[in-house]
Structure formats: structure tokens, C-alpha cells
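Engineer: quick check, what structure comes out for this input:
(2 chains)
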Amino acid sequence: MKTSTLVIRTPEGIVFSQQLGGPVSRFFAWFIDQLCIHLILSVIGTFIAIFGILSIGFAIAFYIIGWFVISIGYGIFFEWNWRGQTIGKRLFRLRVMDVEGMRIQFNQIVVRNLLRFVDSLPFAYFVGGVTCWLNSKCQRLGDIAANTVVIRSPKVLEPDLDQILAGKFNSLRQFPHLAARLRQNTLPAEAGIALQALLRRDELDPVARVEMFGDLAAHFRTKVEFPAEATEGVADEQYLRNVVDVLYRTRTETRAEKTVAA
Amino acid sequence: MIVDLQLFIANERPSWEELEKRLNHLESEPNMTMSLDQLQIFHQLYERTASDLAKITTFSSEPEIRRYLENLVSRAYGEIHETREKRRRIFPLQWFFQTLPQTFRRHVRAFYLSLVITIAGCMFGGGAIALDPDSKPVLMPFSGLMQDPVKRVQEEEKAKEDRLQGFKSTFSAQLMTHNIKVSIFTLALGMTWGFGTIIMLFYNGVILGAVAVDYIHAGETKFLLGWLMPHGVIEIPSILIAGQAGLILAAALIGHGSRLSLRARLRAVSQDLMTLIFGVGILLVWAGFIEAFLSQYHEPVVPYNAKIAFGCIELTLLILFLSRSGKRKPADERTAK
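Structural biologist: Modelled structure (predicted):
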């Protein structure tokens, strides 16, 4: 069955997944690489033209060999030196890796690049594209022969939780028994949705943001009814922030507060 | 169930950052070697991060941290669990005189099969020309081969000017790149379960057989040998070795009689395919050079006997190289056992 992820289970029992690069993003990366190859060749051509003054035959021979070596060696050189990436792949955050998650070997890079001769048949990587489309791991023939896959490796940064869980005053914490009940009544998935809504709030359209936080706050208000003094004048977004603070922090003190107290 | 996410992150963040720093360093230097102490620390960091990933997957629905940890664990996993040898230095002479001939001999049956297919093509092409000389345009659709052999020999021997003057290097480069491309293509067509490779080898045989019979039939055998042997004794075996590589790939795909998985079979032959095709590339560079600078010159410029003798010497050396080079002496083999 075709999937968009490659799931790997380590001997320690840890399961992790990698997003696979699809045929379209790979095609665009290949297109960028072709432009790079032409750019390199045109630069070399300019230098060779100077040699042509001395010997036209030698200059043409040098260009023919240069064209051949660069068109085949470009992928091999970059994928080896950039750990599975070329310029095009780097732009589209794609990376070639071993199908079992191991470090990619030089012979794998060579084989997958040489098999481009078949994948590119009859034109514009038709065979490779169709194979990639049909294959469960989105592999072209070269990838199958070399035991490689192309994965998407988006730049993953640590989520900045400080921005939402900083030690601000939380009116809900004035009622610890109700806060405990809120934690008890909330499912992990609901807590996750609330956290994600806060983390991604800046990506939302202003109207949609107000509506969404209104809906979420209304949902959490039905979980536990806090007294009016805890909720009066608190905007929906702030209410949700307080809810997340209660759900994700079981202690009333933050580390900063502890440090100050010490 | 909810975990104290902030405390968890605060406690574990230094380990994640340290692992990320080490991974970045490792990835920026492919040839870097870690000391035992560094390896132990790296392994500890990997295990701790993997354990954090397991916790975060179990206790929280927080996808962003999970993705971040998955990314770190997957990168470290490849480094920790890779058991294949990482070659840090290349020894070109050792590779050429030992690895290449040893690899060739290890898969010599595929070479023989490649040879048989080509001979079958030769017989078909030669037979077709012998029986029906008018089939020449169909079998050899190349303008250079369409000419009557007797006329061509007369023209070549009468030529007083060097037709390749000033273009020998260009011609040589064209021959090298074209032949190497054909060889890579022959190898790559192994992915068609060998059908493409077999067709390529057979078709090469057909052309070779047709040309040979055409010249022999015209009484120009000596010219033919003098023309083809200097470069052909290297070029033809090179295409056969490329066919050998294509058949090895096909055999790994088909996996007849093997209990290994497809992935394991392909992994097992990958290194050998690379060795053979690089070897073919080197041989074809030599063949291209000889074809442009020697093969195209005929009597009275270069005597045919000299060219044939040169071809015979090359062929002998090639056979010796492929059959003997890198072979262990009996004493070494006993020691190895």
C-alpha cells in the first residue's frame, strides 16, 4: 500500500517515521539541478573558449568530457558530500537516505545515479516518475536498485513553549480543586488541540482566530464551571491560555519563581 | 494523561541540544572518526533522546516536540546502527589491480553468459549478411558501414592527408563518452529483469557479426583485423563486462534460488556493480584513445601486422589482468584459511 511516511522501528523498540518525498517535489528538485548543471557547464564553456585560441580540437574534447563528467558526476558528488542532498534537494528539503534508516554509502549513491539512464526513459523521467508514483515508498528504479528512499526533512526546531507557558497570573489557579477537576475531565487529544491552537495562533487569520478561540473556550467552559471572579473580563484566548497552563503544569510554581524564592 | 511538559523540556533540552550539535558536526565532516569516549557519549545521548521520544509519544499528544525528537533519533540511528565498513581512504592502484579483477572473477558466469549472448548476436548478424547481403541497411544503419568494403579499403590506403588532423582529441572524447554511456545503459537495463541488457548485448553482436562477415566476404580480413583489433580487444570486452554487471543486477532482482530478501540481494551486489562499471569506464577511456589515435590509420602509414600484433598484446594483457591480477598465492590462501 502506498504511504507518505517511512516507519522505522529501532532495536530499542522506538518507532519513528520519516516523511517521503513525492514525485512532484522531486521533479522540481531535479529541474533546479538541471539548471545548476547548465550553469556550471556554461561557466566551464567560457573558460574552455579561451583554450580554443590555442587548440580548438583540444577545447572541444575538453568540453565534451567536462559535459559528460558533470552531467553524471553532479548528483554523485553532491549527494556524497552533502549527505544525500543536491542543490535542488536542499532547496526543497529533500534528502536521500538508506531505506532502513542507515547511513547512505557511496556505492548506493553511484548506483542510484547511474540508473537515471533507465529512469529518464523515454523523456523527462517518465519511467522513474511512474515507478515512483506506483511504489509504496515512492522509489524510482534507481532507488529500488540502490536501496534508497528520498525523504522530506523539514527544518525542525524545538517548539517555543515559554511564550505560552510563562509565569503570568492565572485566575483559574485560585481554585485548585476546580483546576484539578479540569485536568481530570480533559482528554489528551483535547489538551493537544488547545496547545496547538496557542502555538500556531499567529498563523491564523484574525477573524478565524477569534472564532476558533471562542469555540475552544466555550468547549472547555463546559468541562468545569469556574466562579465568575475567575472568568470575568478574561478574553477567550486568555482563558484557553489559562486552561493550557493548568493542564500542562501541575505545579503552581514556575522554575523562575523557585529560583527567586531560593 | 498529561505530563509536566515544561519541566520535561527543561530537564531534557541540554541532551537534545548536545546530540544535535554532535550530529551537525558529524554530518558536516563525512570522514570524521569518533574516539571511544565520544562514541560512548554519543550513544548515551541517542538512547536518552530515543527514550524521551518514547515518553512523549506515550504521554502527550504534542506533535511538534515529537517531530523534533523523531528527526534527532532518525539521524542518530543511522550513525549508531550502521555496521557496513566506512571507507575513509581510496587506494586507486589496489582497487584497480585487486578489487576490480577479483570482482570480475567472482561473477565470471555472468560474463560468460554475456559473451554467449553477444556471440549469438554475431552469428545472427553474420548469417543474415551472408545469406542476404541486401539486409545491410537494416542490420547496420550507420553511414560509415554502408560503403562497399573494397572501395573503402582502397580509399583509406590511398589517402595522403590525415582526415583527423586537429580533431583527434575531439573524436577520441566523443568515442569515450558515447561508449561509456552505452555501457552504463547496458548495466542500468538490468532493472528490466535483464531483458534490456540481453537486447543490448545481442544487438551489439549483430552489428559486429554483420560488419565482420561483410569485410571477410569482400576479402578484406586483414584490413578488418587491423582496423578493429587495436581498440576492439578492449572495447568489446568492456561492453561484455557492462553486460555482466547488468545480468548481475537482473539476477539479484529475480533472486532465483536465493533465500535472501530483494533488499538484501540488491544490497549484496551494489558494491560489485559500482566496481565493474568504474572498471569499464577506465577501459573505455583507453579504447577511445587508441581508436582515435591508432585504429583509424592504415597502411602504408601503419602496417596492418603491427596493428594486429598490438591488438594481440593488448588482448593477452587484458586476459592476464582479469584472470590473474589480485589472485592470492596458494600460501596466502592457506594462511587465510
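
Engineer: B:Glu220: neighbour count?
Structural biologist: By other CB atoms under 10 Å in any protein chain shown, the residues close to B:Glu220 number 19. (Each C-beta comes from the backbone N, C-alpha and C, glycine too.)

Engineer: right, I mislabeled it, should have said B:Gln165
Structural biologist: Neighbour count of B:Gln165, defined by other CB under 10 Å: 8.

Engineer: got it, and A:Leu134?
Structural biologist: Once other CB under 10 Å is used to define contacts, A:Leu134 is seen to have 10 neighbours.

Engineer: where does it fall, phi/psi-wise?
Structural biologist: In this entry, A:Leu134 is assigned phi and psi values of phi -90, psi -30 (degrees, to the nearest 10).

Engineer: the residue in chain A positioned nearest to chain B and A:Leu247: what is the separation?
Structural biologist: Relative to chain B, the nearest point of chain A is A:Gly192 (3.0 Å; CB to the nearest CB). The spacing between A:Gly192 and A:Leu247, counted by CB to CB, to the nearest Å, is 10 Å.

Engineer: what residues of the helix or strand hosting B:Asn11 count as buried?
Structural biologist: Taking DSSP states H and E as the criterion, B:Asn11 maps to helix B:5-28. Residues of helix B:5-28 classed as buried by neighbour count (16 or more other CB atoms under 10 Å in any protein chain shown): B:5-6, B:8-9, B:12, B:15-16, B:18-20, B:22-23, B:26-27.

Engineer: likewise stretch A:115-133?
Structural biologist: Within stretch A:115-133, the residues that count as buried by 16+ other CB under 10 Å are A:115-121, A:125, A:127-129, A:131-132.

Engineer: what does stretch A:55-64 give?
Structural biologist: Residues A:57-64 are the ones in stretch A:55-64 that count as buried (16+ other CB under 10 Å).

Engineer: now pLDDT, distance to chain B and secondary structure too, for those, in CSV please.
Structural biologist: What follows is these, written out as CSV (pLDDT from 0 to 100; distance: CB to the nearest CB, whole Å; DSSP: H, G, I helix; E, B strand; the rest coil):
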residue, pLDDT, distance to chain B, secondary structure
A:Gly57, 82, 5, helix
A:Phe58, 84, 5, helix
A:Ala59, 87, 9, helix
A:Ile60, 89, 5, helix
A:Ala61, 88, 4, helix
A:Phe62, 88, 8, helix
A:Tyr63, 90, 8, helix
A:Ile64, 91, 4, helix
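
Engineer: distance check, A:Val210 against A:Thr222.
Structural biologist: 19 Å.

Engineer: which of these two has more neighbours?
Structural biologist: Counted by other CB under 10 Å, A:Val210 and A:Thr222 do not tie: A:Val210 has more neighbours, with 14 against 8.

Engineer: look up which residues are beta-bridged to the closest residue to A:Gly101 other than its chain neighbours.
Structural biologist: Closest residue to A:Gly101 apart from its sequence neighbours, by CB to CB, 6 or more residues apart in numbering or on different chains: A:Ile8 at 4.4 Å. Per DSSP bridges, residues listed as beta-bridge partners of A:Ile8: A:Phe16.

Engineer: so A:Asp245 sits against A:Asn170, correct?
Structural biologist: Yes: contact between A:Asp245 and A:Asn170 holds when scored by CB atoms under 8 Å: they sit 5.1 Å apart.

Engineer: residues near A:Gly22, how many?
Structural biologist: By other CB under 10 Å, the burial measure for A:Gly22, its neighbour count, is 15.

Engineer: mind listing what it touches?
Structural biologist: The neighbours of A:Gly22, taking CB atoms under 8 Å, 6 or more residues apart in numbering or on different chains as the test, are A:4, A:132, A:138.

Engineer: list the residues that contact the second one.
Structural biologist: Residues touching A:Cys132, when contacts are defined by CB under 8 Å, 6+ apart, comprise A:22-23, A:26, A:138-140, A:143.

Engineer: buried ones among the residues you listed?
Structural biologist: Of the members of the contacts of A:Cys132, the ones counted as buried by neighbours, 16+ other CB under 10 Å, are A:23, A:26, A:138-140, A:143.

Engineer: the domain parsing of the chain - what is it?
Structural biologist: Reading this off chain A. Annotated domains of chain A cover A:5-152, A:162-261 [automatic domain parsing].

Engineer: hmm, I had chain B in mind actually
Structural biologist: Each domain of chain B, as a residue range, per automatic domain parsing: B:5-81, B:92-327.

Engineer: where are the low-confidence patches of the stretch 51-200 of chain A?
Structural biologist: Regions of the stretch 51-200 of chain A meeting the criterion pLDDT under 70 cover residues A:154-168.

Engineer: which residue ranges form the strands in it?
Structural biologist: Assignment of strands within the stretch 51-200 of chain A using DSSP state E, counting those that start in this stretch yields the ranges A:94-98, A:148-152.

Engineer: need those strands in TSV (columns: distance to chain B and mean neighbour count).
Structural biologist: Below are the strands of the stretch 51-200 of chain A laid out as TSV (distance: least, CB to the nearest CB, whole Å; neighbours: other CB atoms under 10 Å in any protein chain shown):
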stretch	distance to chain B	mean neighbour count
strand A:94-98	7	22
strand A:148-152	9	23
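
Engineer: distance to A:Cys36 added to these, as JSON lines?
Structural biologist: Written out in JSON lines, the entries for the strands of the stretch 51-200 of chain A read as follows (distance: least, CB to CB, whole Å):
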{"stretch": "strand A:94-98", "distance to A:Cys36": "15"}
{"stretch": "strand A:148-152", "distance to A:Cys36": "17"}
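
Engineer: tell me which of those lies nearest to A:Gln196.
Structural biologist: strand A:148-152 (20.4 Å; CB to CB).

Engineer: relative to that closest one, what are the paired strands and their orientations?
Structural biologist: When DSSP bridges is applied, strand A:148-152 pairs with strand A:15-20 (antiparallel), strand A:94-98 (antiparallel).

Engineer: quick check: the residue nearest to B:Leu262 when sequence neighbours are not counted vs B:Ala268, distance?
Structural biologist: Setting aside the residues directly before and after it, B:Leu262 is nearest to B:Gly255 in space (CB to CB, 6+ apart), at 6.3 Å. Applying CB to CB, one obtains 11 Å for the distance of B:Gly255 from B:Ala268.

Engineer: the helices in chain A, which residues?
Structural biologist: Assigned helices in chain A, in chain order: A:23-51, A:56-81, A:87-91, A:106-114, A:116-119, A:126-134, A:141-146, A:162-165, A:176-185, A:188-199, A:206-223, A:228-231, A:236-248, A:255-261 (criterion: DSSP state H).

Engineer: hey, which of the ones you listed is tucked in deepest?
Structural biologist: Per-stretch averages of neighbours, counted by mean count of other CB atoms under 10 Å in any protein chain shown, single out helix A:141-146 among the helices of chain A, with a mean of 25.

Engineer: before we move on, the earlier item: okay, the buried ones among the contacts of A:Cys132 in CSV with distance to A:Leu41 next?
Structural biologist: Rendered in CSV, the data for the buried ones among the contacts of A:Cys132 read as follows (distance: CB to CB, whole Å):
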residue, distance to A:Leu41
A:Pro23, 26
A:Arg26, 22
A:Cys138, 30
A:Gln139, 29
A:Arg140, 24
A:Asp143, 26
